[in-house]
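Student: after the sequence you'll find the predicted model.
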Amino acid sequence: MFGNKDIPTYLFTGFLESGKSTCIKDILEEGNFQDGLKTLYILTEEGEYEVAEDLLAYNKVSVAVVDEEEEFTEAKCLELYKKYKPARVVIEVNGMWDLDKIIREILPENWVVVQTFTTVDATTFQIYINNMKSLLMSHFQQSDLVIFNRCTAEMDKASMRRNVKAINRQTQVLFESEDGSVESNIEESLPYDINADEITLEDDDFGLWYLDVSEHPEKYEKKTIIFKGQVYRNRTFPPDAFVPARAAMTCCADDIAKIGFICHFQDANKFATNDWVTVTVKVKPEFSKQHQALVPVLYAQRMTPAEPPEEEVVYFS
């Protein structure tokens, strides 16, 4: 009854006092919503920082508070839409709520999520990793941009970044220092010589290599990479294709999945699924329609049986 026009929806998630409101304030101050259109700002928790009323009014932003999870329903969303008639919606999501459920079950069908931001207080990040990792990782999984704020020079930003990228290889990660400066290009300390023409990966190196080649396949083009993996294939693979995979724990012990890249080898069908092999491959970046980006595709020169590594599970932190 409210029309079928798509409503662009922006989600801001993160735990209490992680900087969600500050992020929204910055976006408004930068003039991103100064197009004269109405915005509905749904606030699902009230932290220590509030966006100034004059800034909201100047940007034609109306605020609605829904701070009880059971009250945040599709019917409530439609009620708010009818009342405010916005051209877009901004939702500051309580970090303890199920973000995936909100996206799949609660938002009206024509509320199209165009961007999801996650803010993280870097000073408490390790506490949440130790105690609420599963919930934190679910935020990363849905995010287009993850912002670590309140960063200091002593923090291990590379490790923070790996925690995010292990969950969501496509998301962008930024680090904001206490002085307001922003950093994105964090150099990863790799355990092998990236300048070598031939790189032999130790069993423990696979996780770092997997993340680095995912983001920068061009760095590995024409290089020879030697590593150990477990044969994975499914019925959709052509006879010469398989994945030399490793089991990776991206979140918790209950969240272990096989990771790896498609590899082509003429005699691949001589090896059974789950066989451990050592492969010698060349990396070729190829465009993926699914990811709309270059992805690494492997072409094996050699494939031999191997013993399983001492630790079969790959970790990223």
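Tutor: Received, thanks. Note that the structure is a prediction, hence the values are computed from the model and not measured.
Student: can you give me the strands in the stretch 51-200 of the chain?
Tutor: Along the stretch 51-200 of the chain, the segments classed as strands by DSSP state E, counting those that start in this stretch run 61-65, 88-92, 111-121, 145-151, 172-177, 182-183, 198-200.
Student: turn these into a markdown table, including mean neighbour count and mean pLDDT.
Tutor: Just so you know, the C-beta spots here come from the backbone N, C-alpha and C atoms, and that holds for glycine as well. Supplementary listing: the strands of the stretch 51-200 of the chain in a markdown table, determined by neighbours: other C-beta atoms under 10 Å; pLDDT from 0 to 100:
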| stretch | mean neighbour count | mean pLDDT |
| --- | --- | --- |
| strand 61-65 | 17 | 95 |
| strand 88-92 | 24 | 97 |
| strand 111-121 | 20 | 96 |
| strand 145-151 | 22 | 96 |
| strand 172-177 | 18 | 95 |
| strand 182-183 | 12 | 90 |
| strand 198-200 | 14 | 97 |
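Student: save those as a markdown table, and put in distance to Y232 too.
Tutor: Formatted as a markdown table, these follow (distance: least, C-beta to C-beta, whole Å):
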| stretch | distance to Y232 |
| --- | --- |
| strand 61-65 | 48 |
| strand 88-92 | 38 |
| strand 111-121 | 30 |
| strand 145-151 | 29 |
| strand 172-177 | 28 |
| strand 182-183 | 36 |
| strand 198-200 | 22 |
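Student: out of those strands, the one nearest L80 is which?
Tutor: For L80, the closest of those is strand 61-65, at 5.2 Å, according to C-beta to C-beta.
Student: which elements pack onto that closest one?
Tutor: Using 3 or more C-beta pairs under 8 Å, 6 or more residues apart in numbering; DSSP states H and E as the contact criterion, the elements in contact with strand 61-65 are strand 39-43, helix 74-84.
Student: which residue of the chain lies farthest from its centroid?
Tutor: Centroid-distance maximum for the chain: K270 at 36.0 Å, with C-alpha atoms, centre = their mean.
Student: tell me the spacing between the residue nearest to S177 when sequence neighbours are not counted and I127.
Tutor: Beyond its immediate neighbours in the sequence, the residue positioned closest to S177 (C-beta to C-beta, 6 or more residues apart in numbering) is C151, lying 5.0 Å away. If you measure C151 against I127 using C-beta to C-beta, to the nearest Å, the figure is 15 Å.
Student: ok, now A300?
Tutor: Separation of A300 from I127 (C-beta to C-beta): 43 Å.
Student: what's the answer for L135, then?
Tutor: In this view, L135 and I127 are 13 Å apart by C-beta to C-beta.
Student: compare the two (neighbour count), which wins?
Tutor: Each of L135 and I127 had its neighbours counted (other C-beta atoms under 10 Å), and the higher figure belongs to L135 (16 against 11).
Student: can you tell me how far that one is from E68?
Tutor: Relative to E68, and taking C-beta to C-beta, L135 is found at 19 Å.
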